[in-house]
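sequence unknown, structure follows:
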Ligand code: AMP
Ligand code: ZN
């Protein structure tokens, strides 16, 4: 069965065919590490994680590359405003480098708590400045650039006739929608910065804010820093080649960031850049946009502090299709936590059942759902249908294990908090577990099972896995 993905480039749900099967190259625009990553950001990364798991489930070998934007992302898409990193450094009273470390760490912790698999390659924009300069150089040689004095090196979008195709708009339409902020000297409103000059490298900045930047580099055009878009083109092509399979991001990246990535990459290489563009929709809270003034910006750590298992958040994300706007409510999270808990309990209750092959009918339905543009709400519905079915527990157990490779809900674990710290199991319980092990070795399974029930009544579950027996506290949420 073929995986179908909605492709923003073609505006259709296309059959996914990688360039070089079984390998798949995928690039995700990563976080700008200037502030906390909230549950809206994290929805996107869970979405990417699901896509990767589905690809792996289909037998592909995925090389997943993600960037960390630690420089050059301006507060406005119109190439004016401050660098988000420099601004964040002031806000938090940290150097830009320490700011980047702090929030990369917070991002990685959130990702771990949500059981998001690590990318194969995580690239920091500041480690690849030379590659970005080299790409601007290529564009310059091919005549796609011009310099605005005391401002930067710009890409001339009128020289790239396909500009705007991702957003389904011709340059004229994009011009109409362009922001009012406008850099003096731009030839076209859609032109964008490839390299910005540091205010300190000329006498007076256009906006008068001539202060020295913490991050700046030499370049053939003057001291400065890269435009935001160029890092993603330079780093993705470095790791995945001029043309690669999948590029992901948020829907807000379509009209500018990704449109500009396509223009500069294809202009430089003369090759198609990306074959499938996947974009995730936004998350709102209680029906409203997340914003500081509403006080409704929450992180995964906040969710955890309120006593929720981060995995319940993952479950909640899966209940909305990635291309639909999602509305987060605490009530819905509590519902997701209950559902997840029930699912885990059912799963654990099948653990000792006689091994059986999985349930082919449900495995087929599950596959149809995930291959249908990652229809996870439907995939979850199949999980619950399976539980209700008359299949023997051993078969259900087998299928659930297969499903959880894709869902990533860690059905077999009881995480006690964000950092995966395991709660200490009391010695009295450990003694019972050891007694049970001894009985199992003696093949006195009936007695071993009795002890297992006793342990369960005391609030702990014993799991027999291939790597040995583990014991976990049963969550009481
Ligand atoms: P920011 O850190 O606010 O600049 O956001 C960085 C990126 O995260 C945006 O470009 C979006 O793609 C994504 N993002 C921000 N807010 C949300 C949200 N509420 N829901 C989903 N994605 C978001
Ligand atoms: Zn990007």
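Now that the structure is in, tell me what you want to look at. Treat the numbers as computed from the prediction; the structure is a model and nothing was measured. Ligands and ions are numbered 1, 2, ... in the order given.

from now on I want contacts and neighbour counts done on CA atoms only, so please keep to that.
OK.

compute the distance between the residue nearest to residue 157 when sequence neighbours are not counted and residue 184, please.
With sequence-adjacent residues excluded and distances taken as CA to CA, 6 or more residues apart in numbering, residue 157 is closest to residue 191, at 5.3 Å. According to CA to CA, to the nearest Å, residue 191 and residue 184 sit 11 Å apart.

now swap in residue 252 and tell me
25 Å.

out of the two, which sits in the more crowded spot?
A count of neighbours by other CA atoms under 10 Å puts residue 252 above the other of residue 252 and residue 184, at 13 against 10.

so the more buried one, which of the three states?
Three-state call for residue 252 (DSSP: H, G, I helix; E, B strand; the rest coil): helix.

just the pLDDT at it, thanks.
Looking at residue 252, its pLDDT reads 95.

cool, residue 311 as well?
95.

buried residues in stretch 285-304, which are they?
For stretch 285-304, burial by neighbour count (16 or more other CA atoms under 10 Å) applies to 285, 290, 297-301, 303-304.

er, stretch 100-109 actually
100, 102-104, 106-107, 109.

same check, this time on stretch 374-390
374-380, 382-383, 386-387.

residues contacting that stretch, please?
The contact list for stretch 374-390, computed with CA atoms under 8 Å, 6 or more residues apart in numbering, reads 5, 50-51, 54, 318-322, 346, 362, 365-367, 369-370, 396, 400, 403.

strands - which of these land there?
residue 5 (DSSP state E).

the contacts of stretch 374-390, buried ones only, as a PyMOL selection?
Those of the contacts of stretch 374-390 that count as buried under 16+ other CA under 10 Å are selected in PyMOL with:
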select buried, resi 5+50+51+54+318+319+320+321+322+346+362+365+366+367+369+370+396+400+403
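
how many neighbouring residues does residue 462 have?
Close neighbours of residue 462, defined as other CA under 10 Å, add up to 20.

ok, so what distance separates residue 157 from ligand 2?
18 Å (CA to the ion, to the nearest Å).

verify the contact between that residue and residue 190 for me.
Yes. Counting by CA atoms under 8 Å, residue 157 does reach residue 190; the two are 6.4 Å apart.

and the buried residues of stretch 374-390 as TSV, adding distance to residue 78?
Shown next, in TSV, are the buried residues of stretch 374-390 (distance: CA to CA, whole Å):
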residue	distance to residue 78
374	34
375	35
376	36
377	37
378	40
379	41
380	41
382	46
383	46
386	51
387	52
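
any idea which of those residues is the one closest to residue 133?
When those are compared for distance to residue 133 (CA to CA), residue 374 wins out at 37.3 Å.

confirm that the closest one sits in a helix.
No. Under three-state DSSP, residue 374 falls outside any helix and is assigned coil.

how much space separates it from residue 352?
Distance of residue 374 to residue 352, computed by CA to CA: 32 Å.

now residue 212
65 Å.

repeat for residue 412
Using CA to CA, we find residue 412 at a distance of 13 Å from residue 352.

with neighbour numbers in mind, choose between these two.
residue 412 (16 against 13).

so the more buried one touches residue 344, yeah?
Yes. Using CA under 8 Å, residue 412 is in contact with residue 344, at 7.0 Å.

which residue ranges of the stretch 351-477 of the chain form strands?
For the stretch 351-477 of the chain, the strands defined by DSSP state E, counting those that start in this stretch cover 460-465, 468-473.

same check, this time on the stretch 201-350 of the chain
For the stretch 201-350 of the chain, the strands defined by DSSP E, counting those that start in this stretch occupy 224-226, 244-250, 274-280, 283-285, 326-328.

how about those strands in CSV, adding distance to residue 15?
Below are the strands of the stretch 201-350 of the chain laid out as CSV (distance: least, CA to CA, whole Å):
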stretch, distance to residue 15
strand 224-226, 36
strand 244-250, 12
strand 274-280, 10
strand 283-285, 27
strand 326-328, 26
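
deepest-packed of these, please.
Greatest average neighbour count among the strands of the stretch 201-350 of the chain goes to strand 224-226 (a mean of 25), per mean count of other CA atoms under 10 Å.

pop the domain breakdown of the chain in here.
Using automatic domain parsing, the domains assigned to the chain come out as 4-280, 412-477.
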